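# Turn this into a model:
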Amino acid sequence: MDDTEKHDTIAKVTDRLAARYPDAPRPLVTQLVTEEYETLDAGRIRTYIPTLVERGARNKLDREFSAQATEI
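Numbering: from 1, shown residues only. The predicted structure follows:
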């Protein structure tokens, strides 16, 4: 993926997750999405990277923000 595709993927996934987790600070969502992307960027099969990035970041957000919801 070139840089434009990378940034587009990160932006789209960030937008979806920021809407799903309105209590999560957007910079945190962006950071998690970017970290997930960087982890998968070296893979040979590129087709599922956006889906896998979103799933990985969503799992991290679920753990963090579900724990906060149960503490309240």
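
# Only C-alpha atoms from now on, for both contacts and neighbour counts.
Noted.

# ok, which stretches of this protein are helices?
3-20, 26-40, 49-71 (DSSP state H).

# Highest mean neighbour count out of the ones you listed?
Mean neighbour count, computed with mean count of other Cα atoms under 10 Å, is highest for helix 26-40 among these, reaching a mean of 17.

# Next, format the helices of the chain as a markdown table and append mean pLDDT.
A markdown table is the format used below for the helices of the chain (pLDDT from 0 to 100):
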| stretch | mean pLDDT |
| --- | --- |
| helix 3-20 | 94 |
| helix 26-40 | 96 |
| helix 49-71 | 85 |
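
# Surely residue 58 is in contact with residue 18?
No - Residue 58 is beyond contact range of residue 18, at 10.0 Å (criterion: Cα atoms under 8 Å).

# What's the separation between residue 45 and residue 52?
Distance of residue 45 to residue 52, computed by Cα to Cα, to the nearest Å: 12 Å.

# Pull the contacting residues for residue 33.
Taking Cα atoms under 8 Å, 6 or more residues apart in numbering, we find residue 33 in contact with 10, 13, 14, 53, 54, 56, 57.
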